[in-house]
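Engineer: Below are the sequence and a predicted model; questions follow.
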Amino acid sequence: MSGKKSNKNVPSKKTEKDNSEDEQLDDENELVALIEITDGNCLKQTVEFFRATTTVIPLVFYRDRLEILRANYDSTLVNRAVFGRKEFILKYQVNEELFNEPDHETTIKKHNGEFDEDGSPIIIEETIKDPRHVFVTEMTRFYKQCKSIARKDGFQIAVYLNSTTGKYCAKAYRISSNSATSGNTIIKAENVEDYKDYTLNFVEPRFALKANQKIRLIEFCSVCSEFSRLETQTTSLMSYAEGFRMKNAGQDYKWGTFTDSKKKGKIRIKGEGSKHDYFGVPSDFIKALSKLQTIAGNGGVCSIYSHAICLQFIIPIGIVGEFIITLIPPDVNEEKSE
């Protein structure tokens, strides 16, 4: 799912004159969806993380929220950014009649607070109608527009449907601190078939468990930056019941309380305090995490949740949403068969 397939909606190379003509929208273009936020920097940080870890930046508009959802090629990393706190979003409007997926349904999983005999949380599922519009951005141009956002700038993006051609496009604006808009860039749609939903076949730890650890975001990103400088092939992430640890060949950093389960002579420390979930990640992922330092503004917190098959980082996106980064180790049997 590269998001780079050639199709009629992918823009071709054009002259400067052609590009200037693209900046104009006529009366045949109807508004499908629009979002405007006052803290454009949080969107900039989100887009940069997607660009560093996945190949496509799809915008998915629902009646009550905007989501950006994409996984890496083997679905061991799933990024989901949710801009859903409408009370703090300056403008949000949609026209459901123009959505390209009006019959979409969403399955909601909720923990009812009870557990079965083996200790697993009991989850209730409910399927609801959830119309949406999927717009897969021309990533190079969208990223270029987001990259120009300064710390105090706002940002607006609007999606339009041309009633004559039946094609969708978007227009992005950077709103400076003096309320002046700039950019005014047309962003063409990539192949919408490159968009994919990622249904997890297990209960996410954030829905069933308390946080293993909460870390000040500025501190967490600073540590990630130190780890990324060594450029070791793999960094070990270890999540304990009440702690979290990062370790590679040259560094070992710890938060919370736990017992180090290393050998001491012939004695190996055991017990609840040494049990942990292990996840190995490449240096590029740690480097991408280090650049999320300002995504939440001042005072951001990274909440970490885990169980044996999933590790999740939950990070605020300014005051308008949250970023859920999900790590899923590859299936051992699949690796052996390959």
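Structural biologist: Yep, it's here.

Engineer: Name the residues linked to the closest residue to His104 other than its chain neighbours by a beta bridge.
Structural biologist: Ranked by CB to CB, 6 or more residues apart in numbering and with sequence neighbours excluded, the top spatial neighbour of His104 is Arg132, at 4.9 Å. In this view, the C-beta of every residue, glycine as well, is placed from N, C-alpha and C. Beta-bridge partners recorded for Arg132 (DSSP bridges): Tyr62, Glu101.

Engineer: list the buried ones in the helix or strand hosting Phe279?
Structural biologist: Assigned by DSSP states H and E, Phe279 belongs to strand 276-282. For strand 276-282, burial by neighbour count (16 or more other CB atoms under 10 Å) applies to His276, Asp277, Phe279, Val281.

Engineer: Isn't the last one up against Gln233?
Structural biologist: This points to Val281. No - between Val281 and Gln233 there is no contact, the gap being 10.3 Å when judged by CB atoms under 8 Å.

Engineer: picking up where we left off before, now do the contacts for the residue nearest to His104.
Structural biologist: Val60, Phe61, Tyr62, Phe99, Glu101, His104 (CB atoms under 8 Å, 6 or more residues apart in numbering).

Engineer: What about the second one, how many residues nearby?
Structural biologist: Residues lying near Phe61 (other CB atoms under 10 Å) number 26.

Engineer: so what's it closest to, chain neighbours aside?
Structural biologist: Per CB to CB, 6+ apart, closest to Phe61 is Ala33, 3.9 Å.

Engineer: Tell me who's in contact with the closest residue to Cys224 other than its chain neighbours.
Structural biologist: Counting by CB to CB, 6+ apart, the nearest residue to Cys224 once its immediate chain neighbours are dropped is Ser290, at 3.8 Å. Going by CB under 8 Å, 6+ apart, Ser290 touches Cys221, Ser222, Cys224, Ser225, Phe227, Ser228.

Engineer: could those be laid out in TSV, adding pLDDT?
Structural biologist: Shown next, in TSV, are these (pLDDT from 0 to 100):
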residue	pLDDT
Cys221	96
Ser222	95
Cys224	95
Ser225	94
Phe227	92
Ser228	89
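
Engineer: hmm, which of those residues are the buried ones?
Structural biologist: The buried subset of those - by 16+ other CB under 10 Å - is Cys221, Cys224, Phe227, Ser228.

Engineer: Neighbours of the closest residue to the first one other than its chain neighbours, how many?
Structural biologist: The spatially closest residue to Cys221, leaving aside those adjacent along the chain, is Gln293, at 3.9 Å (CB to CB, 6+ apart). If you count neighbours by other CB under 10 Å, Gln293 ends up with 17.

Engineer: can I assume Gln293 sits in a strand?
Structural biologist: No - Gln293 is assigned coil when assessed by DSSP: H, G, I helix; E, B strand; the rest coil, not a strand.

Engineer: thinking again about what came up before, so which of the buried ones among the contacts of Ser290 comes closest to Phe323?
Structural biologist: Cys221 (12.7 Å; CB to CB).

Engineer: Name the helix or strand for that closest one, please.
Structural biologist: Per DSSP H and E, Cys221 falls inside helix 217-230.

Engineer: Touching that helix from outside, list them.
Structural biologist: Against helix 217-230 from outside (CB under 8 Å, 6+ apart): 235, 246, 248-251, 253, 283, 286-287, 289-293, 295-296, 300-302, 315-316.

Engineer: Drop anything exposed from those.
Structural biologist: Of those, these count as buried by 16+ other CB under 10 Å: 235, 246, 248, 283, 286-287, 289-293, 295-296, 300-302, 315-316.

Engineer: Of those, which belong to helices?
Structural biologist: Assigned to helices by DSSP state H, the following of those qualify: Ser283, Ile286, Lys287, Leu289, Ser290.

Engineer: For the longest strand along the chain, enumerate the helices and strands it packs against.
Structural biologist: Longest strand in the chain, counting residues (DSSP state E): strand 105-115. Here strand 105-115 touches strand 121-129, helix 205-208, going by 3 or more CB pairs under 8 Å, 6 or more residues apart in numbering; DSSP states H and E.

Engineer: chain center to the last one, what's the gap?
Structural biologist: Think helix 205-208. In this view, helix 205-208 has its centroid 17 Å away from the chain centroid, taken as CA atoms, centre = their mean, to the nearest Å.

Engineer: and it, which residues are buried?
Structural biologist: Pro205, Arg206, Ala208.

Engineer: just stretch 71-79 next, same as before
Structural biologist: Ala71, Leu77, Val78, Asn79.

Engineer: Could you list everything the last one pairs with in the sheet?
Structural biologist: Under DSSP bridges, the beta-bridge partners of Asn79 are Arg70, Ile325.

Engineer: Just list the residues touching it, thanks.
Structural biologist: Asn79 touches Phe49, Phe50, Thr53, Thr54, Ile68, Leu69, Arg70, Ala71, Phe323, Ile324, Ile325, Thr326, counting by CB under 8 Å, 6+ apart.

Engineer: And those residues, which is closest to Gln213?
Structural biologist: Among the contacts of Asn79, and counting by CB to CB, the member closest to Gln213 is Ile325, at 14.7 Å.
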